[in-house]
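Engineer: Make a model of this:
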Amino acid sequence: MVDALVIIPSYNERENIEKVIRQVFSLQYNFHVLVVDDNSPDGTADVVRKMMSVFPDSLFLETREGKMGLGTAYIHGFKWALKRQYGLIFEMDADLSHNPEDLVRLYDTCAKEGYDLAIGSRYIDGVNVVNWPLSRVLLSYLASIYVRVITRLPIRDTTAGFKCYKRQVLEAIDLNEIKFTGYAFQIEMKFAAWKLGFKVKEVSIVFTDRTEGKSKMSTGIFKEAVWGVIKLKWKSLVSPGKYRAETS
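Structural biologist: Predicted coordinates:
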C-alpha cells in the first residue's frame, strides 16, 4: 500500500508540471501525486489529465474555479489526503525549485527517524539558494530571522514550502482556522505543529529558482507575511488553545 502523497499546487505551470511529476514517479519510493490546479489559463490541468492515462492509479487532479492562493490549495489537498489512507503528506512546488530527489530524504526523516514534520531547509547548513539575486536571498534570510525573533519558532527556514507531514500533524491542526495564503501560511503551519508539541527536523536542501514560467511572488504575499507573523504571535498569546484538533 502506498502511504505517501505529494501535493503540488499549480497555476500556469504548463512548462514544468510534466517534468516534476515524471521525476517524482522515477524515485526509489512509490509516491502518489495530487495536483491542485487553480484553473490555469495556460492549460496546466490538461497536461495533467493526459498524464493520468499513463499513471491512472497514482496521479490525481483537483481543479478549482480560479486563483485562490497557495495556502488554500494546500488546505484543499490536505483534506483530500486525510479522507484517504496516506500516512505521509508532502508539500512541493510545481516549478522544480524543489529537487524531487529530496522527497526520499524527507520521507526517511519521518518514516525512519520518527519525526512528525520534516522541512526542506535552505538555511540549516549555510545559504543554499541557486539563481536568486542577492537582494532576494537577503530578503528571504532576514524574513526567517524576523519570524524567529517574533514567534520564538526554533526553525531556521520558517517560510520553506518543501515539507513532509505525518498525517497525525494535519489531523491535530484545525485546518479551517488556517487563513493565510502565502508565506504566512507556511509560517503558521510550522508554528501550529511546534505549539502542538510535534517533533520537527530541518533537512538541508539546495533550492534552485525556476528556469521556466513566471514567479508567483508579489508585494501582497510579502506584506501578509510581515503582518501575519505579528497576528500569529498575538493570537497565540490571547488564545493559547487556538491550535487544537478540529472537532466535528
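Engineer: From here on, just use CA atoms for contacts and neighbour counts.
Structural biologist: OK.
Engineer: which residues of this structure fall in strands?
Structural biologist: Taking DSSP state E as the test, the strands found in the chain are 4-10, 32-37, 59-63, 88-91, 117-121, 129-130, 163-166, 200-204, 207-208.
Engineer: Would you list the phi and psi of Asp3?
Structural biologist: phi -110, psi 10 (degrees, to the nearest 10).
Engineer: Could I get the contacting residues of it?
Structural biologist: The contact partners of Asp3, by CA atoms under 8 Å, 6 or more residues apart in numbering, come to Phe31, Gln85, Tyr86, Gly87, Leu88.
Engineer: From these, list just the buried residues.
Structural biologist: Buried members of these, counted by 16 or more other CA atoms under 10 Å: Phe31, Tyr86, Gly87, Leu88.
Engineer: In those, find the pair that's most separated.
Structural biologist: Phe31 and Gly87 (11.5 Å; CA to CA).
Engineer: Give me the neighbour count for Ile155.
Structural biologist: 23 (other CA atoms under 10 Å).
Engineer: now Val24
Structural biologist: Around Val24 there are 21 other residues, counting by other CA under 10 Å.
Engineer: That one touches His98, doesn't it?
Structural biologist: No - the criterion here is CA atoms under 8 Å, and Val24 misses it with His98 at 11.1 Å.
Engineer: got the residue ranges for the helices in the protein?
Structural biologist: 14-25, 44-52, 70-82, 102-111, 134-151, 167-172, 183-195, 219-238 (DSSP state H).
Engineer: returning to that earlier point: TSV for the strands of the chain, including mean pLDDT and distance to Thr72?
Structural biologist: Converted to TSV, those look like this (pLDDT from 0 to 100; distance: least, CA to CA, whole Å):
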stretch	mean pLDDT	distance to Thr72
strand 4-10	98	10
strand 32-37	98	10
strand 59-63	98	12
strand 88-91	98	13
strand 117-121	97	20
strand 129-130	86	26
strand 163-166	98	16
strand 200-204	97	23
strand 207-208	90	23
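Engineer: Would you reformat the ones you listed as JSON lines and include distance to Thr44?
Structural biologist: As requested, the strands of the chain are exported to JSON lines (distance: least, CA to CA, whole Å):
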{"stretch": "strand 4-10", "distance to Thr44": "8"}
{"stretch": "strand 32-37", "distance to Thr44": "7"}
{"stretch": "strand 59-63", "distance to Thr44": "10"}
{"stretch": "strand 88-91", "distance to Thr44": "18"}
{"stretch": "strand 117-121", "distance to Thr44": "25"}
{"stretch": "strand 129-130", "distance to Thr44": "25"}
{"stretch": "strand 163-166", "distance to Thr44": "23"}
{"stretch": "strand 200-204", "distance to Thr44": "30"}
{"stretch": "strand 207-208", "distance to Thr44": "21"}
